[in-house]
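A.B. asks: how does the following fold in three dimensions:
(one chain, ligands or ions: 2)
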Amino acid sequence: MGTERKRKVSLFDVVDETSISLAKMSKSNGGGGAAANQNAVSSMINRWTGKPYSQRYYEILEKRKTLPVWHQKEEFLQALKASQSLILVGETGSGKTTQIPQFVLEAVNSESSDKRKKMMVACTQPRRVAAMSVSHRVAEEMDVTIGEEVGYSIRFEDCSSSRTVLKYLTDGMLLREAMTDPLLERYSVIILDEAHERTLATDVLFGLLKEVLRNRPDLKVVVMSATLEAEKFQGYFSGAPLMKVPGRLHPVEIFYTEEPERDYLEAAIRTVVQIHMYETPGDILVFLTGEEEIEDACRKINKEIGNLGDQVGPVKVVPLYSTLPPAMQQKIFDPAPPPVKEGGIPGRKIVVSTNIAETSLTIDGIVYVIDPGFAKQIVYNPRVRVESLLVSPISKASAHQRSGRAGRTQPGKCFRLYTEKSFQNDLQPQTYPEILRSNLANTVLTLKKLGIDDLVHFDFMDPPAPETLMRALEVLNYLGALDDDGNLTKLGEIMSEFPLDPQMSKMLVVSPEFSCSNEILSISAMLSDFLLCKHCPNCYICMQMLMHVVEVVMCQIRLSSATVLSREAQKAADEAKARFGHIDGDHLTLLNVYHAYKQNNEDPSWCYENFVNQRALKSADNVRQQLVRIMGRFNLKLCSTEFNSRDYYINIRKAMLAGYFMQVAHLERTGHYLTVKDNQVVHLHPSNCLDHKPEWVIYNEYVLTSRNFIRTVMDIRGEWLIDIAPHYYDLANFPQCEAKRVLEKLYRKREDKDENKNRR
Ligand code: CDP
Ligand code: MG
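C.D. replies: Ligands and ions are numbered 1, 2, ... in the order given. Now for the predicted structure:
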């Protein structure tokens, strides 16, 4: 090895990582002579930074070498060389996400050091958190600064530079990049990771990349997946070679409950406490469904274990969900706390996570897994155009993945909080691909922009229901993004540039016509900030993910319809509402909060005193700046109506309606609201800021619970419906209902008015 690497290693030469440690070894043994010594010294130089590797680099390197993929590096590189696409299947934690892109980078560099333009490697992740976390880890492994050679890109946040050669990005972002760079020419290798998750964006990328591969023989695609749907991927990528990384799992003992649990949250907490009291050392991973539930569980676990006093060891309870700030996300990798005193009972780390920890992130040291059997999943009903995030049972494949998390470092135990019978009979074998249960309006817009006109014949791995595609086309046609022949209009082209759902993009694009683009930008930023993939990773389509307004306003106090508020918290919430609440609707309340934040110079203490969530506002501000940039690209004017004018709020409300005219509910004489055209009974969510029950409201979110709620609502006028969206409020194809009769009257009134005008 020593003589083979005699030449001086330049900054961009290939240095096989394994040879580094050999070189290091020969140096420390004192053998190998001057040549080997020189080699040793130069091999210790980081080719990316030109600096010697740090101590930390070598420490991590030792750990990396124990990962299963490491032993198949050569085999992998050979397979990659031999074919254009490759499928790689391996147990979670085997090192796919962190190592394979580095192997690829090495190979790409050694082959084309002269064609540096094309040497970028992309690795997609369905989840923002994973993209951020893994890129940080890999930057550390490569001993470079994050954002330089190794970067990440997620919606509204690009942490990469011209130096970046390895980029982790959400699948949604790669899709966006394809809109401006259809052949994805900046990449030489694209790795689609977590393919088994079958997110909407990954599924679309499959079809797209298949096409790109045909046009770019120099491009290579690696599809990586955790579970064994591999044959399906192989079939789809016309016989691409399949490489398996054998797992290294220890046995995991599975326990079921005797009887179904009535309250899985309470059962999960109880199980945590019991494990902590009676089981041998080892960390615990609990799967729950969302932020609120997780925070609630963390509090309760701390409290209950705190009550046990010093008869048990110390614990560190860490939450993990997608909106957690990055520094907090890192805490899942902290070690368990040490015993309180020397020789005392060992401590335990307890991670309470959404299904991010199922396959996207691997936490070492987990010995106990608690699986209540639920996850939040998108469910879409095209007939009533309702897409919702529902807590629903997981699949058998998911349950299997979850239990596997317990056997990474030693034999483990998995406690399934459901009966064995239920596992056998009730759980689906696989999770349904997202494309079969999502609203496709945004996807269709993206595909149209990518030049794919024939959606019916697009090569989907699992084609969506024709009805869902039809609905999407219809929505885009109503919005004016597609013409009657299904072709992208000028408006549609601009709309597709916004990383937002089509309703919101439409509202932004037309807002200058209503002299309120500044305000609509602020409202959109406030709304999208909370849309930022609160529960699912890449869903700029999901209007569902809005936090409700009170939550937006409150900083310390988490409210939900399920939480009973203390008197103090209720008082604070009422005060905050009184300060910023706008009687015409929640969107205007959001605007008030944003304005107040800016007027107070983004002062953290002002935020604190006013129960305003500074982190959320800062991020909204960032989103706003990026939206402003997109507006600028299309010469969309930034303007406002005079604040004192009585049209100030009216214009904003009209502009909102121009985007959301398909999300309207009408107050019936019975006192209920019915959604327009679909005639679903809905209720105003109790969090709303209205001081009255308006006859017509637009809503942002449809919440399916025991009652159907509409959340984030605003008062609008019936006349505006027929002025702004006459094509949608065309009574010729309107179901019989009270709303129709009211609209008929409004049309008649308008005709009379027009007639009078003409006569005069
Ligand atoms: O992708 P796959 O599930 O096959 O594995 P990976 O994500 O590449 O993880 C390989 C190893 O890196 C695991 O032992 C992780 O615990 C570790 N890792 C880490 O320590 N910190 C991170 N931020 C990410 C991974
Ligand atoms: Mg992975």
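A.B. asks: how far off centre is stretch 285-305?
C.D. replies: 21 Å (CA atoms, centre = their mean, to the nearest Å).
A.B. asks: skipping adjacent residues, who's closest to Asn622 in space?
C.D. replies: Sequence neighbours aside, Phe156 is the residue nearest to Asn622 in space, at 6.3 Å (criterion: CB to CB, 6 or more residues apart in numbering). The C-beta positions use only the backbone N, C-alpha and C, and glycine is treated the same way.
A.B. asks: spatially nearest residue to the closest residue to ligand 2 within the stretch 401-550 of the chain, not counting backbone neighbours?
C.D. replies: Using CB to the ion, the single residue of the stretch 401-550 of the chain nearest to ligand 2 is Gln401, 11.4 Å away. Leaving out its chain neighbours, the residue that sits closest to Gln401 by CB to CB, 6+ apart is Glu358, at 5.1 Å.
A.B. asks: hmm, that neighbour is touching Ala399, no?
C.D. replies: No: the pair Glu358 / Ala399 is not scored as a contact, 9.7 Å apart, by CB atoms under 8 Å.
A.B. asks: OK, contacts around the residue nearest to Asn622?
C.D. replies: Pro499, Ser528, Leu532, Ser619, Asn622, Val623, Gln626 (CB atoms under 8 Å, 6 or more residues apart in numbering).
A.B. asks: go again with 7 Å.
C.D. replies: Neighbouring residues of Phe156 by CB atoms under 7 Å, 6 or more residues apart in numbering: Asn622, Val623, Gln626.
A.B. asks: ditto for Trp606
C.D. replies: Counting by CB under 7 Å, 6+ apart, Trp606 makes contact with Asn600.
A.B. asks: which residues touch Lys394?
C.D. replies: Actually, residue 394 is Ile. It isn't Lys. By CB under 7 Å, 6+ apart, the neighbours of Ile394 are Gly373, Phe374, Ala375, Leu427.
A.B. asks: in the helix or strand where Gly404 lies, what counts as buried?
C.D. replies: Following DSSP states H and E, one finds Gly404 within helix 396-404. Buried residues in helix 396-404, counting neighbours by 16 or more other CB atoms under 10 Å, are found at Ala397, Ser398, Ala399, Gln401, Arg402, Ser403, Gly404.
A.B. asks: for the residues you listed, which one is nearest Phe661?
C.D. replies: Ser398 (38.4 Å; CB to CB).
A.B. asks: does that closest one really touch Thr359, like I thought?
C.D. replies: No: contact criterion CB atoms under 7 Å: Ser398 and Thr359 do not qualify, at 8.9 Å.
A.B. asks: which residues do those two both contact?
C.D. replies: By CB under 7 Å, 6+ apart, no residue touches both Ser398 and Thr359.
A.B. asks: reformat the contacts of Phe156 as JSON lines; add neighbour count, distance to Thr170 and pLDDT.
C.D. replies: Putting those into JSON lines (neighbours: other CB atoms under 10 Å; distance: CB to CB, whole Å; pLDDT from 0 to 100) gives the following:
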{"residue": "Asn622", "neighbour count": "14", "distance to Thr170": "17", "pLDDT": "90"}
{"residue": "Val623", "neighbour count": "25", "distance to Thr170": "15", "pLDDT": "91"}
{"residue": "Gln626", "neighbour count": "17", "distance to Thr170": "15", "pLDDT": "93"}
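A.B. asks: just send these back as JSON lines, with secondary structure and distance to ligand 1 too.
C.D. replies: As requested, these are exported to JSON lines (DSSP: H, G, I helix; E, B strand; the rest coil; distance: CB to the nearest ligand atom, whole Å):
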{"residue": "Asn622", "secondary structure": "helix", "distance to ligand 1": "24"}
{"residue": "Val623", "secondary structure": "helix", "distance to ligand 1": "26"}
{"residue": "Gln626", "secondary structure": "helix", "distance to ligand 1": "27"}
